[in-house]
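*Asks:* sequence unknown, structure follows:
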């Protein structure tokens, strides 16, 4: 029974990931993460902390935290302001999809696979706990 539940849960998770990828949401989230990674890297290089970035942008520290957690849908204007504040230029380019897909797979595949594995481990652990509880209650 546990094995069947694990297979079903893994299949559901795989289907969810496929739907997420096919909808374009995966590429959107990956792009946001890449932007955030770049912002963090530049902040570290320039010695700029969250409070200083908030001061320079005339924004709250809570907003900067949202930015750095990837919880903000960036506009070109906001990206230009952040770039300028960090003494950078914003460069945006479109790349043919096959190259982007290859880059995404090469760059984020290990991260995605690790997330899937962790999720599967949590699901398996939860199923095992539920089975033990069910067995204990049935006794």
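*Replies:* Arrived safely. As the structure is a computational prediction, the values presented were derived from the model and not from experiment.
*Asks:* mind listing residues that contact stretch 72-89?
*Replies:* Contacting residues not belonging to stretch 72-89 are listed as 32, 35, 39, 42-43, 46, 48, 53, 56-57, 63, 66-67, 90, 92 [Cβ atoms under 8 Å, 6 or more residues apart in numbering]. Quick note: C-beta positions are derived from backbone N, CA and C, even for glycine.
*Asks:* quick one: residue 12 and residue 30, what's the gap?
*Replies:* According to Cβ to Cβ, to the nearest Å, residue 12 stands 22 Å off from residue 30.
*Asks:* of these two, which one has the most company?
*Replies:* Legend: neighbour count by other Cβ atoms under 10 Å for residue 12 and residue 30, higher for residue 30 (19 against 11).
*Asks:* which stretch of helix or strand covers that one?
*Replies:* Using DSSP states H and E, residue 30 maps to helix 25-46.
*Asks:* so what does that helix touch, helix or strand wise?
*Replies:* Using 3 or more Cβ pairs under 8 Å, 6 or more residues apart in numbering; DSSP states H and E as the contact test, the elements touching helix 25-46 are helix 61-68, helix 97-138.
*Asks:* ok, of these, where does mean pLDDT dip lowest?
*Replies:* Among the helices and strands packed on helix 25-46, helix 97-138 carries the lowest mean pLDDT, at a mean of 69.
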